[in-house]
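Q: predicted model, plus sequence, below.
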Amino acid sequence: MLGKAPPDLSRKHFLIVEDYEGMRGILRDILGRAGATRIAFASSGQEAVAQLERHSYDVVLCDLHLGQGLNGQQVLEEARHRQLLPPHAVWLMVSAEKTAEMVAGTVESRPDDYLIKPITETLLFTRLARQMARKQALAPIEQAMRDREYLKALNLTEAQLANANPHAWDLKRLKADLALHTGNHAHAREVYQEALAQRDLPWAHLGLAKIHYLEGDFEEARQELEKVTRGNRAYLEAHDWLARSLDRLGDLDAAQNVLTRALTTSPRAPLRQGHLGEVAYKRGDLDTATRAFRRHVDLARQTPLKAPDPYLWLSRASLAKGDKEEALGILSELSRDLREDGTARLLARAMEIPVRFHTGEREQAARLAVELAGELKGQAPDLPAEALLDLAGPLMSLGEKGTAESLLTSLVGNHHDHPEYVERAKAVFAQAGLAAEGRDLVDRTTRAAVDIMNQGVKLAREGRLDEAINLTREARERMPNNPRLLLNHAYLLIAWMEKYGRDISTAMEARHCIEAARRLKPGDKRGGELLTKLELVGNDFTA
Amino acid sequence: MQAEDPKLDISTFLITSVHDMKNSMGVMMAYLQDALTERNSLPPATRDKTTQALYEAQRVTDHLLQLLALYKIDQEFYPFDPQDHPLADLAQEALARVMDLADLKGISLDCHCPDELYGWIDHELVFGVLVQALHNALRYAHGQVLLSLAGGDDGIRISVEDDGPGYPDFLLAQGDGRTRGISFETGSTGLGLYFAGVVAALHRNGQRAGRIRLVNGGTLGGGVFTLELP
């Protein structure tokens, strides 16, 4: 049985990412013994990303530690995020030890397999053979997911599961994730429960917990997650969901503990640092908050996750701490790091207004407020809610009532069913002694949003779909970040196609709306259901 | 702002040193393996001594890895990751690690494993236990070592047998290995067995946990190490 032949690698394209020259040679020689000739090398994370951008590889062998710069984990996440790998590609992470990120991180952060040093020929060949076969079998499903044909992916998964299959557990996990993604919670729950009946699998507990969370049962989510996190802080994604659940349950102390615990295991996780920052900020623990936001900024800077939010949070938390230099300094970093992003540049300048205002530089704040009034009004619907609230109070006090009003109108328009933001918008008016005016603006804006949606439904019911679509399309201009409106608009577009036939630009508009809504409310069930409906419109296969 | 108070106790130094030693051993093993690539052109005595040195280096590395894994398990951050794994691959990988040593010692190394056998294992941990058991068997065997893997309704069974003198009584009495058997006279630190016991216990299925067994006899008449996982 020792005579198992090495896999035939002669037609495969390899990329070896390894900073140590000696190791590059060792890996190349081993691969060469199985006939591999098409082998490219990268000696740093940045170089690897550049190679992945230019070429399509079948197998990537990547060392976790790559000296300075990006590490193997970050290269993998960027490659997954930007889809730099073909669907069948195999990613093997080479490491001196098994890390929590490789095993229990999110889908994006898990390599297909990991090889613990020392690497022997046998180890490399058994893993390569197995993973190449696995990825080859799963590639059509992966392709369907990339094409956003989730029902097709689900059907392919079921078809493979119908026969005895060496990848059965991968397929089961995939099936449940796909069902969850398309809003079919009942189906997903069934798969997770079946899996748990056979084995106590952390991912199945996590799946059940996600369903509880998405359905608003935060207490049940917490209980399910603690089955995984109790006694082991290596299950990172479970810790993230547990912190989210605790946050929603109002237990901020516990949420902060959970995040701190996960960060002890895996500190180089920008989003987790950001979540810690927000929880600590809410608790008034500003030292922890500023430290965490700083790490978020620094970790995300060189990745595709780079976005204005952590910069704004760091400025906000520094201001709350009375650290004016840092509050302003981070805004210059924002305009430098995201100079190609117009909204980010505007935010970097505008957020100077609250900093100047609260540190006694009223005149400078007022000058900026006048200077930016036009741009702020124009872009208000696209600005983040917290920033709108940061700006509205100072603008009101500085006499820029018109600008403040338009910012708050956008806030309420985008979040008409979000009680916290609505209350905070009213509070800004109350602070300025204009409580009645504030109530009036909020009522008017909320009613307008609700009216449009009701009107849309009514028109659709009467068969006047075109009118309904025009109504919601026009409203979308004013409320581009209102998830309910986006989904209603998508619903109408799909209904139109069900009646008149599939149409590419209509389908794209609908998809765009659903995806925007899901970015605002990740995992939203109705969004998933609409994705399914959209896929079915004009397609001849049945689910 | 208060700087975080770094807890610098002895265990911090122990762990960082273990990491450092493990890295050095890796470099050493790479040199030794390099020296052995042209094994047939080496004088036999040099070749044998180099192989023996490589074996000792591997043994130290295995121990260091076990210490690190035990530390992580104790500190609750070992990423325990049981998967339904093809056991023929596991056997092949483990045998590859000890083949040179078996050749050197003139010991024949056999393996029984059904092709389609799968088992729920954390690969790194079970691999560690298996290589350790094989090294141990090679150390005491006269001429034969047998690795066998089998499955049943209640889980999987992995056995390593040799034709040596068998385990001493004090080890047989110890049973599951988690009661420590440090013995400076025999040179046994008890680490290997303790590690095997911890790894077995981590593997659970419902109410059942894995276990290890030591007996003498078996098909080859020497020591038999068995890892049973539910």
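A: Received it, and whenever you're ready, just let me know what you need. Numbering: from 1, shown residues only, chains lettered A, B, ... in the order given.
Q: the bottom helix or strand of chain A by mean pLDDT?
A: Among the helical and strand segments of chain A, the one scoring lowest on mean pLDDT, DSSP states H and E is helix A:100-104, with a mean of 83.
Q: now do that helix: which elements does it pack against?
A: Contacts defined by 3 or more C-beta pairs under 8 Å, 6 or more residues apart in numbering or on different chains; DSSP states H and E place helix A:100-104 against helix A:236-248. Heads up, the C-betas are built off the backbone N, CA and C, glycines and all.
Q: does chain B sit close to the helix it packs on?
A: No. Between helix A:236-248 and chain B, judged by C-beta under 8 Å from any C-beta of the partner chain, nothing touches; the nearest distance is 8.9 Å.
Q: same check, this time on stretch A:286-302
A: Yes. In terms of C-beta under 8 Å from any C-beta, part of stretch A:286-302 sits within range of chain B, namely A:D287, A:R291.
Q: could you list the buried residues of stretch A:309-326?
A: For stretch A:309-326, burial by neighbour count (16 or more other C-beta atoms under 10 Å in any protein chain shown) applies to A:309-319, A:323-324, A:326.
Q: and of these, the nearest to A:T290?
A: Proximity of the buried residues of stretch A:309-326 to A:T290 (C-beta to C-beta) peaks at A:A317, which lies at 4.8 Å.
Q: ok, and the closest non-adjacent residue to that closest one?
A: Leaving aside its chain neighbours, A:A317 sits nearest to A:A289 (4.4 Å; criterion: C-beta to C-beta, 6 or more residues apart in numbering or on different chains).
Q: contacting residues around the strand or helix carrying A:M23?
A: A:M23 is located in helix A:21-33, with elements delineated by DSSP states H and E. Contact with helix A:21-33 is made by A:6, A:9, A:14, A:16, A:18, A:39, A:41, A:43, A:61, A:63, A:119, A:121, A:124, B:30, as judged by C-beta atoms under 8 Å, 6 or more residues apart in numbering or on different chains.
Q: just these: which are in helices?
A: Of the contacts of helix A:21-33, the ones assigned to helices by DSSP state H are A:E121, A:L124, B:A30.
Q: show me what B:Q83 is bridged to.
A: Listed by DSSP bridges, the beta-bridge partners for B:Q83 are B:I121.
Q: before we move on, back to that, does chain B sit close to the helix or strand following the least confident helix or strand of chain A?
A: Next along the chain after helix A:100-104, taking DSSP H and E as the criterion, comes strand A:113-116. Yes. Under the criterion of C-beta under 8 Å from any C-beta, strand A:113-116 makes contact with chain B via A:I116.
Q: against which helices or strands is strand A:113-116 packed?
A: Right, strand A:113-116 is packed against strand A:90-95, helix A:121-146 by 3+ C-beta pairs under 8 Å, 6+ apart.
Q: 6 Å instead, please
A: Here strand A:113-116 touches strand A:90-95, going by 3 or more C-beta pairs under 6 Å, 6 or more residues apart in numbering or on different chains; DSSP states H and E.
Q: mean confidence score for the helix or strand where B:L14 lies?
A: Following DSSP H and E, one finds B:L14 within helix B:10-37. Across helix B:10-37, the average pLDDT comes to 83.
Q: next SSE downstream of that helix?
A: Once the chain leaves helix B:10-37, the next helix or strand it forms, by DSSP H and E, is helix B:44-74.
Q: show me what counts as buried in that following helix.
A: Residues of helix B:44-74 classed as buried: B:47, B:50-51, B:53-55, B:57-70, B:72-73 (neighbour count, 16+ other C-beta under 10 Å).
Q: picking that back up, so which of the contacts of helix A:21-33 sit within strands?
A: A:F14, A:I16, A:I39, A:F41, A:L61, A:D63 (DSSP state E).
Q: can you pull up the bridge partners for the last one?
A: Translated: A:D63. Bridge pairing for A:D63 - DSSP bridges - gives A:V94.
Q: who touches it in this structure?
A: Residues near A:D63 by C-beta atoms under 6 Å, 6 or more residues apart in numbering or on different chains: A:E18, A:G72, A:V94.
Q: pLDDT score assigned to it?
A: With respect to pLDDT, A:D63 has a value of 95.
Q: the most centrally placed residue in chain B is in what secondary structure piece?
A: Compute the mean C-alpha point of chain B, and by C-alpha atoms, centre = their mean the closest residue is B:Q132, 2.3 Å away. Taking DSSP H and E as the definition, B:Q132 sits inside helix B:123-140.
Q: re the thing from before, helices and strands around the helix holding B:L14, which ones?
A: On a contact count with 3+ C-beta pairs under 6 Å, 6+ apart, helix B:10-37 meets helix B:44-74.
Q: quick one on the thing from earlier: residues in contact with the least confident helix or strand of chain A?
A: Taking C-beta under 6 Å, 6+ apart as the rule, helix A:100-104 contacts A:Q73, A:M93, A:S109, A:P111, A:Y114, A:A234, A:Y235, A:L236, A:T265, A:S266, B:P79, B:D81.
Q: point out the least confident one among the residues you listed.
A: A:S109 (82).
Q: low-confidence stretches in the chain?
A: As the question left the chain open, I've gone with chain A. A:1-5, A:539-543 (pLDDT under 70).
Q: wrong one, chain B
A: Ranges of chain B meeting pLDDT under 70: B:1-8, B:175-189.
Q: and the residue of chain B closest to chain A?
A: Relative to chain A, the nearest point of chain B is B:A96 (3.5 Å; C-beta to the nearest C-beta).
Q: rewinding a little: which of the ones in helices among the contacts of helix A:21-33 has the most neighbours?
A: Using other C-beta atoms under 10 Å in any protein chain shown as the neighbour test, those are led by A:L124, with 22 neighbours.
Q: now do the strand or helix carrying A:R526: which elements does it pack against?
A: A:R526 belongs to helix A:525-536 when assigned by DSSP H and E. Judged by 3+ C-beta pairs under 6 Å, 6+ apart, helix A:525-536 is in contact with helix A:483-500, helix A:504-520.
Q: now do the contacts for B:L67.
A: B:L67 neighbours (C-beta under 6 Å, 6+ apart): B:V18.
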